[in-house]
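> Have a look at this prediction, sequence included:
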Amino acid sequence: MTAVAEEAQRRFRAEIDAALSEVVAGDPLNRFARSGSLICAWAMRNPAHFEIISTARYFDHDGAAELSRDNAELIAMTERLLAEAFAQGQLRAADLKTVQTAGARWSTASRG
């Protein structure tokens, strides 16, 4: 299942990277929104693969170094986009905290 998850993650990441390459680099909030909508769309088109890469049900995520690294990079990208949006005045402090809290809850719930 790790090999299946690695391939699913590769496809998932390729779609995110391609979609973000089409969004203006200086608009972090739009890039964040685009990545979020892409994640939802990808999950709807690939429900089994999404479940495999986003839960701990099928294999040990911590033991899959490539998947863990790629997942950490995606989380870091999201955090960076939010920080940039805040720095540019696209998000208020309360909005930033709400988004970060929701993201943390989703991340915790999805690994269960």
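Thanks, I have it.
> Please report how far the residue nearest the centre of the chain lies from residue 38.
With distances taken as Cα atoms, centre = their mean, the residue of the chain nearest its centroid is residue 74 (5.0 Å). According to Cβ to Cβ, to the nearest Å, residue 74 and residue 38 sit 11 Å apart. Yep, even glycine has a C-beta here, placed from its N, CA and C like the rest.
> where do the contact lists of those two overlap?
residue 16 (Cβ atoms under 8 Å, 6 or more residues apart in numbering).
> Counting residues, which helix of the chain comes out longest?
Longest helix of the chain, by residue count under DSSP state H: helix 65-87.
> so how many other residues sit close to residue 54?
Close neighbours of residue 54, defined as other Cβ atoms under 10 Å, add up to 21.
> before we move on, what about residue 52?
Residue 52: 21 neighbours (other Cβ under 10 Å).
> Surely it is in contact with residue 11?
No: if you go by Cβ atoms under 8 Å, residue 52 and residue 11 don't touch, sitting 11.6 Å apart.
> remind me which residues of the protein are low pLDDT?
100-112 (pLDDT under 70).
> what about the residue in it sticking out farthest from the centre, distance to residue 23?
Taking Cα atoms, centre = their mean, the residue of the chain most remote from its mean C-alpha position is residue 89, at 22.5 Å. According to Cβ to Cβ, residue 89 and residue 23 sit 19 Å apart.
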